[in-house]
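A.B. asks: quick one, what's the 3D model for this:
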Amino acid sequence: MKSFFKQLFLLISGLTGNLIPVQAQTVREVDVCIYGATAAGVVAAYTAQQLHKTVLLIEPGRHLGGLTAGGLGYTDIGNKYAITGLSRDFYRRVGQHYGRLEQWIFEPHVATQILQQYLNRAGITVQYRYRLQSVSKTNGYITDISLQPTTDTAGLSPFQVKAKMFIDCSYEGDLMAGAGVTYTIGREANSQYTETYNGVQLRDIHQFPDSIDPYRVPGDPASGLLWGISADTLATKGSADQKVQAYNFRICLTKDSANRISVTRPLRYDSSRYELLLRVVRKLAPTSLAPLLKIDLMPNNKTDINNKGPFSTDMIGANYAYPEASYQTRRQLIQEHEDYTKGLLYFIGNDSRMPLHLRQEMLQWGYPKDEYTDNGNWTPQLYIREARRMVSDYVMTQANCEGRQKITDTAGMAAYTMDSHNCQRLVVKGMVKNEGDVQIGGFGPYPIAYRSIVPKSTEVKNLLVPVCLSASHIAYGSIRMEPVFMVLAQSAATAAVMCADSNRSVQQLNVTALQRELQNNPLADGSTPDILVDNDDTARVKLVGVWNRYTPVSYGPSAFTTVATATSPLKTARFTPLVKQAGSYHVYTYIPKIPGLAPAVEVNIFDSTTLRKQTIAPASVVVLGQTTGEWLDLGVVTLPAGTGSYVEISNNKAIGIVVADAVLLIKQ
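C.D. replies: Residues are numbered from 1 along each chain as shown. Okay, here's the model as predicted:
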């Protein structure tokens, strides 16, 4: 944890450079000021404007949308049930672009276009290339912040922002820190929050095989360690440190020769950095790049490449200084990561010591001409997996992820595994080992506390922090997904508006009223909410016959399944929606990714007067990416208000697994 005085000192003397007198600055006044035009920042700004507040969105860089538009197109999601409101709307708009209801795999420029469309509809202009200089507070309220243009920007003048409410949507939490909010960096000891997966963790995922020698001259410690290996010794399992899980770039490449720019030798290239990769390749003898790079395919022959295996795109141990570094130092660290990553791609494709088949496979890929056209076709967004984390009155922990800790002040949900990338690479028993990677799942969607996105009341009363929220290292590893950040940002912006209207602090907000507003106005525009009936809603779902509860993959906590044979008795699952507004609705049912689904299943739709029978083909549904299933289109029906209609899934004439998971109705 860092004291307010140290934070303020860092912010003034390190983060921003020379002070510019406040009296010389232009003053802008708005209702809500958002720092960081990440995808979360865009959602927060759009939400506040739609709720009739004046908004200012500030971005220190030149890039809109953070990682969502910065290469992470193969979305980490977990369970779609957790993704609501404008976050879900974003992925539906992506789906519309590609001709589907929703889609979670997309090209970077598509994400940028859709996020910009939100801002255009709201009439919001991003203030690019402005970074935080100082924060002023009175009686626990931020009164104003001062901003200065980045050092590489000409023609821009510093200015001051006065606002009723502030939201920090940056990955680094600079506004949070500058406001004197308590935060932490690194890993807590397991003992601090009674956890088991926090702290130092030497595990077997993304790990070096035994016997990889760490020394420049194999077997000779006196020759020194190879590049990228720390001289630190392995600490006690579960112990705390300030090491940060590795950063990398999510890499967009293409095989399309008409759209491809060759991967050339980068400046500052140093082939000695990749000696460990050669030793891994000699040990594993891979037949393809798959053990070395996680190459996920995206539309139009493009990729989202992520880290995979013992030596890959993660630049392990190179980011410890980043969370509290000056802006200049951060730029240097980002450049070092870029040099390393571009060098890695070039090394794999061109170094004669790499096996020929791997070189040939790598040379098929190149940078897309139509992506990041203002940045040399390379993403400007480093994957800041974790930096500062707020410490508020409520800290999300492993117990929340696993459903053992219950809360009622839900501001959103998460559903991803507890995921930490490696934090260090060191020598263990004379061998190279990575330390820090944890990937533990097996739990369903769980709520995130509103208290975890607001500071302590004794520190700041008009700030919300939906990205660098209050969570232990390992719980943050589950929460830190782009769709979840967008959900929390909408909650934060809605809360900010409600607090501004009621002249209450963020800690005094009526969370029940916030939850009601988010449920009744999920797109912040007054449109009719979707009608979702999940199988776990006992008031709306009635079963005939015995169904089994299936939890490994589903929409929400579970799905109902039954194995149908030619002699099975009739079984039905009837979903009865509460239709508040009569009209035409597009109806869908959710098909989770389960082996052995029946090729044909009977579905009955009753509109209160007419019964329509149809046969669907669940086994034909193609599940894209990391989602657990897809919505299957049942067509458009006209429904009256009330509860006189239903959608019924039956095992009649089916052979194989019949699933009844969720029904969705979208008003046309």
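A.B. asks: show me where the protein has its helices.
C.D. replies: 4-9, 39-50, 85-97, 108-122, 174-178, 275-284, 327-350, 356-362, 398-401, 473-479, 482-502, 511-520 (DSSP state H).
A.B. asks: list the contacts of N307.
C.D. replies: Applying CB atoms under 8 Å, 6 or more residues apart in numbering to N307 gives the contacts 206, 246, 248, 294, 313-314, 421. From N, CA and C alone the C-beta is placed, and that goes for glycine too.
A.B. asks: buried subset of these?
C.D. replies: 206, 246, 248, 294, 313-314, 421 (16 or more other CB atoms under 10 Å).
A.B. asks: quick check: of the residues you listed, which lies closest to P569?
C.D. replies: Nearest to P569 out of the buried ones among the contacts of N307 is K294 (CB to CB; 46.0 Å).
A.B. asks: let me see the contact set for the closest one.
C.D. replies: K294 neighbours (CB under 8 Å, 6+ apart): 305-308, 312.
A.B. asks: how about these in JSON lines, adding pLDDT and distance to D210?
C.D. replies: JSON lines is the format used below for the contacts of K294 (pLDDT from 0 to 100; distance: CB to CB, whole Å):
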{"residue": "I305", "pLDDT": "98", "distance to D210": "27"}
{"residue": "N306", "pLDDT": "98", "distance to D210": "25"}
{"residue": "N307", "pLDDT": "98", "distance to D210": "21"}
{"residue": "K308", "pLDDT": "98", "distance to D210": "19"}
{"residue": "S312", "pLDDT": "98", "distance to D210": "19"}
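A.B. asks: returning to what we had before: could you dump the helices of the chain to TSV with mean neighbour count and mean pLDDT?
C.D. replies: Listed next are these as TSV, based on neighbours: other CB atoms under 10 Å; pLDDT from 0 to 100:
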stretch	mean neighbour count	mean pLDDT
helix 4-9	14	40
helix 39-50	30	98
helix 85-97	21	98
helix 108-122	19	98
helix 174-178	28	98
helix 275-284	18	98
helix 327-350	19	98
helix 356-362	15	98
helix 398-401	24	98
helix 473-479	27	98
helix 482-502	26	98
helix 511-520	15	98
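A.B. asks: of those, which is nearest D241?
C.D. replies: Nearest to D241, of all the helices of the chain, is helix 473-479, at 10.0 Å by CB to CB.
A.B. asks: tell me the helices and strands packed up against that closest one.
C.D. replies: helix 398-401, strand 418-420 (3 or more CB pairs under 8 Å, 6 or more residues apart in numbering; DSSP states H and E).
A.B. asks: ok, and for the last one, which residues are buried?
C.D. replies: Buried positions in strand 418-420, judged by neighbour count with 16+ other CB under 10 Å: 418-420.
A.B. asks: and which of these is nearest D256?
C.D. replies: D419 (31.3 Å).
A.B. asks: show me how the chain divides into domains.
C.D. replies: Here the domain assignment for the chain is 4-185+388-393+443-520, 531-667, based on automatic domain parsing.
A.B. asks: so which of those gets nearest E435?
C.D. replies: Among the domains of the chain, the nearest to E435 by CB to CB is domain 4-185+388-393+443-520 (13.5 Å).
A.B. asks: highest average neighbour count across the domains of the chain?
C.D. replies: Here the criterion is mean neighbour count by mean count of other CB atoms under 10 Å, and of the domains of the chain the winner is domain 4-185+388-393+443-520, at a mean of 22.
A.B. asks: now find how far off-centre that domain is within its chain.
C.D. replies: Distance, stretch centre to chain centre, for domain 4-185+388-393+443-520: 14 Å (CA atoms, centre = their mean, to the nearest Å).
A.B. asks: cool, and stretch 581-600?
C.D. replies: On CA atoms, centre = their mean, the centre of stretch 581-600 falls 26 Å from the chain's centre.
A.B. asks: first-to-last residue distance for that stretch?
C.D. replies: 32 Å (CA to CA, to the nearest Å).
A.B. asks: again with stretch 503-515
C.D. replies: Where stretch 503-515 starts and where it finishes are 19 Å apart, if you go by CA to CA.
A.B. asks: if we can go back for a sec, turn the buried residues of strand 418-420 into TSV, including pLDDT and distance to D213.
C.D. replies: Formatted as TSV, the buried residues of strand 418-420 follow (pLDDT from 0 to 100; distance: CB to CB, whole Å):
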residue	pLDDT	distance to D213
M418	98	32
D419	97	30
S420	98	27
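A.B. asks: ok, now which ones touch the residue lying closest to A387 once chain neighbours are set aside?
C.D. replies: Distances taken as CB to CB, 6 or more residues apart in numbering place P323 nearest to A387, at 3.9 Å, with adjacent residues excluded. Each residue near P323 by CB under 8 Å, 6+ apart is listed here: 172-173, 185, 244, 387-388.
A.B. asks: what of S288?
C.D. replies: Taking CB under 8 Å, 6+ apart, we find S288 in contact with 357-358, 361.
A.B. asks: same thing but at 10 Å, please
C.D. replies: Under the criterion of CB atoms under 10 Å, 6 or more residues apart in numbering, the neighbours of S288 are 295, 357-358, 361.
A.B. asks: now flag whichever of those residues is closest to V465.
C.D. replies: I295 (34.3 Å).
A.B. asks: that closest one touches I305, doesn't it?
C.D. replies: Yes - here I295 reaches I305: they are 5.3 Å apart, a contact under CB atoms under 10 Å.
A.B. asks: which one's more surrounded, the two?
C.D. replies: Each of I295 and I305 has its neighbours counted (other CB atoms under 10 Å); I305 has more, 24 against 18.
A.B. asks: please name the residues that touch the more buried one.
C.D. replies: By CB under 10 Å, 6+ apart, the contact list for I305 reads 71, 74, 248-253, 289, 293-296, 312-313, 341, 345, 365.
A.B. asks: circling back: which one of the contacts of N307 sits closest to V432?
C.D. replies: The shortest approach to V432 among these belongs to H206, at 12.6 Å (CB to CB).
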